[in-house]
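*Asks:* next comes the sequence, and after it the predicted model I'd like to discuss.
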Amino acid sequence: MLKLLLSIAILLTLPSAHAQASEAEAPGQVVRITGARSTPTGESARVFAAKRRVLKGSLAQKCALDSAYLSAQDDMDTYIEQLEEMREPGEIGETGAPMPSPTLQKFNGRAPDGDVSTMTDASSVTGAATGNNAGPCGVGERRFASGRERIIRKEKSFGDALARLDAGEYGRAAALLEAAYGKIGYPEAAVLLAKLSMHGLGVPRSTDKALYWLDRAAGERFDVRRDRLRFDPREPEAMNGMIEAALLLARIELQGIGGVKKDPAAARKWYAKAAEFGFVPALNALGQASLAGVGGPRDARRARDYFQQAAEEGYAPAQFNLARLNYTGADGVARDDKLAAAWFAQAAKSGHADALYAMARMYDLGEGVPADQSRAIVYYKEAAVKGVPEAQNALASYFYTGEQVPQNLATARKLFEQAAMHGQSDAMFNLAVMLVKGEGGDRDLGMAYVWFSLAKASGMERAGVALAEIAAKLRPEERARAEAILKPPAVKQ
């Protein structure tokens, strides 16, 4: 169990979960397009992703066009869709013969009519060679799909626009983005045009125009089956143009950017749209909004449902928020320490700093799990390395007392100092005591006076008593140094 240290209880309350609403982007950050990865077509990753997004879910995918922009997963999705549209394999058809199991018949864009003399047969999902005259689409659909893919493949405006943006040529970039959007309908181009309009870069500053472009991007054709983003916990912030547009609209409504009247309810609708598009962090944001009553009534059960959806997808912040809600309980949500510990553990596996600290505390107090200080220290160490002040303070207390770990006053003092520098009030007090006693380093009454003062200012009443005692012992030079730190002279303009 946690011990009293230096006459002050080491408080280890769970940190509150804060919504992470980013500030409005600075103009220089809005349009910087940097970084490139290799792609099958040799284009930049951003251009390739935009073109793939346009083709995915179109006739090119439905008809199984053999395109560099469509992945093996896209082929598998098409194959599964065809299976569901057909009768079950082995079912007896009208002729009395068993229905064959389908294979994905891919076709070459150079021969959409099925003229195999000019191409090599593509392979099906099952590995069998197939002709070019089979598949789910007719000749007309295959011709349209291959023609559309050819236009997208040869389209250069979007890539050229990104290069102009990198060079700071915003006017030329805007013209190219409009051309790219008019030709192909890239949501990403519309989002960039919205940012340029919002900041007045290369085009007149106009919130209305920015909203116009964002509405176009977020309102693009969307098929839940084909277009929904697949969430990858390793890249939780990955998004496409439609999602980015929805998130920007949510932020504009939430913060009232560009003269737009604040409307938290409208912001929640846009977060819901981003979640529908497959952006799992938006579910976490909706959970936080429901829990805080932002944009609608406070509803802890609804918040739990949002957190649960995102947590089950592997999103660590939602796992932490779900655990915290189960730990504290709320109207309609009963406290459940075991369930809280289970979700804290899941988030901790992903390296979530606050979850690591929470698990340390659970083991330290024996809440939801058997008390185990040795395991608690392991979690405290991991959380301390990640900069959690409460974990640094708790770990320092173990090194100070020598409980579970060899006593090391120098390490304890260093950890107390790290936590104190981040505003942890107990660490401020504990560090001050060590400075008074000269434990783990030199005795320094002046700095002890500083840390007692800061602990008192943070609301710790006992620090005031210690401060009064030490004040009488300060030499004039020590007091002067302490006051200079606490009340630095104003800098002349």
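*Replies:* Looks like it arrived, so ask away. Numbering: from 1, shown residues only.

*Asks:* name the residues that touch stretch 434-441?
*Replies:* Identification of contacts with stretch 434-441 by C-beta atoms under 8 Å, 6 or more residues apart in numbering yields 400, 409-414, 416, 433, 443-445, 447-448, 451, 470. Heads up, the C-betas are built off the backbone N, CA and C, glycines and all.

*Asks:* what's the most distant pair in those residues?
*Replies:* Farthest apart among the contacts of stretch 434-441 by C-beta to C-beta are Thr411 and Ile470. That separation is 24.4 Å.

*Asks:* just the CA atoms of stretch 165-183, as CSV, please.
*Replies:* C-alpha atoms of stretch 165-183 as CSV (Å, rounded to 0.1, in the frame of the first residue of the first chain):
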residue,chain,number,x,y,z
LEU,A,165,2.4,24.5,-52.3
ASP,A,166,5.8,23.3,-51.1
ALA,A,167,7.4,26.1,-53.1
GLY,A,168,5.0,28.7,-51.5
GLU,A,169,3.4,29.5,-54.9
TYR,A,170,-0.1,29.5,-53.5
GLY,A,171,-1.9,31.3,-56.3
ARG,A,172,-0.7,28.8,-58.9
ALA,A,173,-1.3,25.9,-56.5
ALA,A,174,-4.9,27.0,-56.0
ALA,A,175,-5.5,27.1,-59.8
LEU,A,176,-4.1,23.6,-60.1
LEU,A,177,-6.1,22.3,-57.2
GLU,A,178,-9.3,23.6,-58.7
ALA,A,179,-8.4,22.0,-62.0
ALA,A,180,-7.6,18.7,-60.2
TYR,A,181,-10.9,18.8,-58.4
GLY,A,182,-12.9,19.6,-61.5
LYS,A,183,-11.2,16.7,-63.4
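
*Asks:* buried set for that stretch?
*Replies:* 165, 170, 173-181 (16 or more other C-beta atoms under 10 Å).

*Asks:* quick check: end-to-end length of stretch 348-359?
*Replies:* Using C-alpha to C-alpha, to the nearest Å, the end-to-end distance of stretch 348-359 comes out at 8 Å.

*Asks:* between Thr411 and Ile470, which one's more packed in?
*Replies:* Ranked by neighbour count (other C-beta atoms under 10 Å), Thr411 and Ile470 place Ile470 first, with 20 against 17.

*Asks:* how about the host helix or strand of Ser397 as PDB, C-alpha atoms only?
*Replies:* Per DSSP states H and E: Ser397 is located in helix 389-401. As requested, the backbone C-alpha atoms of helix 389-401 are provided in PDB (Å, rounded to 0.1, in the frame of the first residue of the first chain):
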ATOM      1  CA  PRO A 389       4.800  13.500 -12.900                       C
ATOM      2  CA  GLU A 390       2.700  11.400 -10.500                       C
ATOM      3  CA  ALA A 391       4.600   8.300 -11.500                       C
ATOM      4  CA  GLN A 392       7.900  10.000 -11.000                       C
ATOM      5  CA  ASN A 393       6.800  11.100  -7.500                       C
ATOM      6  CA  ALA A 394       5.500   7.700  -6.500                       C
ATOM      7  CA  LEU A 395       8.700   6.000  -7.800                       C
ATOM      8  CA  ALA A 396      10.800   8.500  -6.000                       C
ATOM      9  CA  SER A 397       9.000   7.600  -2.700                       C
ATOM     10  CA  TYR A 398      10.100   4.000  -3.100                       C
ATOM     11  CA  PHE A 399      13.700   4.900  -3.700                       C
ATOM     12  CA  TYR A 400      13.500   7.200  -0.700                       C
ATOM     13  CA  THR A 401      12.200   4.600   1.700                       C
END
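
*Asks:* same for that helix, what does it pack against?
*Replies:* If you count contacts as 3 or more C-beta pairs under 8 Å, 6 or more residues apart in numbering; DSSP states H and E, helix 389-401 packs onto strand 4-5, helix 353-365, helix 373-385, helix 409-421, helix 425-437.

*Asks:* can I get the ones you listed in TSV with mean pLDDT and distance to Ala210?
*Replies:* TSV is the format used below for the helices and strands packed on helix 389-401 (pLDDT from 0 to 100; distance: least, C-beta to C-beta, whole Å):
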stretch	mean pLDDT	distance to Ala210
strand 4-5	38	54
helix 353-365	98	35
helix 373-385	97	41
helix 409-421	98	41
helix 425-437	97	44
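
*Asks:* got these as CSV, with distance to Leu55 columns?
*Replies:* Output for those, formatted as CSV (distance: least, C-beta to C-beta, whole Å):
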stretch, distance to Leu55
strand 4-5, 62
helix 353-365, 39
helix 373-385, 43
helix 409-421, 51
helix 425-437, 55
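
*Asks:* for Leu59, find the nearest of those.
*Replies:* helix 353-365 (45.1 Å).

*Asks:* show me which residues of the closest one are buried.
*Replies:* 353-364.

*Asks:* right, and out of the residues you listed, which lies closest to Tyr327?
*Replies:* Set against Tyr327, the nearest of the buried residues of helix 353-365 by C-beta to C-beta is Ala358 (7.6 Å).

*Asks:* could you find the closest non-adjacent residue to that closest one?
*Replies:* In space, and not counting its chain neighbours, Ala358 is closest to Phe344: 4.5 Å by C-beta to C-beta, 6 or more residues apart in numbering.

*Asks:* which residues touch Ala341?
*Replies:* 323, 359, 362, 367-369.

*Asks:* where in this protein is the helix or strand with the lowest mean pLDDT?
*Replies:* Lowest by mean pLDDT, DSSP states H and E among the helices and strands of the chain is strand 8-9, with a mean of 29.

*Asks:* am I right that Phe67 is in a helix?
*Replies:* Check again: residue 67 is Ser, not Phe. No: assignment of Ser67 by DSSP: H, G, I helix; E, B strand; the rest coil gives coil, placing it outside any helix.

*Asks:* shouldn't it be in contact with Val54?
*Replies:* No: using C-beta atoms under 8 Å as the test, Ser67 is too far from Val54 to be in contact (11.4 Å).

*Asks:* returning to what we had before: isn't the residue nearest to Ala358 right up against Met362?
*Replies:* Yes: with contact defined as C-beta under 8 Å, Phe344 reaches Met362; the gap is 6.4 Å.

*Asks:* give me the residue at the spatial middle of the protein.
*Replies:* Glu237 (4.1 Å; C-alpha atoms, centre = their mean).

*Asks:* from Ala396, how far off is the residue nearest to Ala358?
*Replies:* Applying C-beta to C-beta, to the nearest Å, the value for Phe344 to Ala396 is 22 Å.

*Asks:* give me the neighbour count for the residue nearest to Ala358.
*Replies:* Neighbours around Phe344, by other C-beta under 10 Å: 32.

*Asks:* do you know how far it is from Gln424?
*Replies:* Using C-beta to C-beta, one gets 20 Å for the distance from Phe344 to Gln424.

*Asks:* one more: Leu356?
*Replies:* Counting by C-beta to C-beta - Leu356 and Gln424 are separated by 16 Å.

*Asks:* so which of the buried residues of stretch 165-183 comes closest to Gly202?
*Replies:* Using C-beta to C-beta, the buried residues of stretch 165-183 come closest to Gly202 at Tyr170, 2.7 Å.

*Asks:* which SS class is the residue lying closest to that closest one once chain neighbours are set aside?
*Replies:* Nearest residue to Tyr170, sequence neighbours excluded (C-beta to C-beta, 6+ apart): Gly202, at 2.7 Å. Classification of Gly202 by three-state DSSP places it in coil.
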